[in-house]
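Participant: With the input below, show me the fold.
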Amino acid sequence: MTDDPFVAPDPADARAERRYLALTRITARHARGDLRQRWEQSQMPMGPLDALRQVVDVAGGGLALREGEPGADVDDLAAALTLVHSARAEVDDLEIGLLEMARGRGMTWQQIAFSMGLGSAQAARQRHQRLAARTDAEPD
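Facilitator: Presented below is the predicted three-dimensional model:
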């Protein structure tokens with residue numbers, strides 16, 4: 001980011017900063033286990049998908065809070081909403097990787113379609129093409 005008033009701020013920088021602040025907030029307040037240890041030792045925040053999952057579990061009551069642990073507040077929910085796009089991109093990357101591994105190990109498009117609950121081999125191929133285009137096109 002620049003402090004020059006004549007240079008427009010880069011929206012990508014602002015998004016990246018909001019994501020980082022969201023990740024650090026959620027990690028500092030709600031990380032457990034290895035994620036907590038990683039945060040305490042090196043201030044390394046959890047990833048977007050883990051952060052979303054943690055806030056949903058805490059806010060939705062699916063995670064019993066330990067003594068002294070904070071519940072999810074409105075700011076945690078706002079932070080989690082900030083991360084939805086990044087978490088979706090993580091899932092897309094995982095899915096494209098799985099599809100490519102499946103094809104690389106000899107699965108047919110028909111087998112992949114059946115596994116994914118899609119109606120045809122063509123639908124599976126099209127899904128792969130859409131994911132490939134989206135994951136190549138989306139900066140994060």
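Participant: How confident was the prediction at the most centrally placed residue in the chain?
Facilitator: Closest residue to the average C-alpha location of the chain: residue 87 at 1.7 Å, with C-alpha atoms, centre = their mean. Predicted confidence (pLDDT) at residue 87: the value is 95.
Participant: again, but for residue 7
Facilitator: So, for residue 7, pLDDT stands at 65.
Participant: Helices of the protein, residue ranges please.
Facilitator: Ranges of helices in the chain, per DSSP state H, are 11-30, 33-42, 48-59, 74-82, 84-104, 109-116, 121-137.
Participant: I'd like to know how far residue 116 sits from residue 14.
Facilitator: 36 Å (C-beta to C-beta, to the nearest Å). C-beta coordinates here come from the backbone N, C-alpha and C atoms, glycine included.
Participant: same thing with residue 46?
Facilitator: 22 Å.
Participant: Look at those two and report which has more neighbours.
Facilitator: Applying other C-beta atoms under 10 Å to residue 46 and residue 14 shows that residue 46 carries more neighbours, namely 22 against 11.
Participant: how about the helix or strand bottoming out on mean pLDDT in the chain: buried residues?
Facilitator: One helix or strand of the chain scores below all others by mean pLDDT, DSSP states H and E: helix 121-137, with a mean of 90. For helix 121-137, the neighbour count (16 or more other C-beta atoms under 10 Å) marks 124, 125, 127, 128, 131 as buried.
Participant: If we ignore the residues flanking it in sequence, what's nearest the fourth one?
Facilitator: What it means is residue 128. Of all residues not flanking residue 128 in the chain, residue 99 sits nearest, at 5.0 Å (C-beta to C-beta, 6 or more residues apart in numbering).
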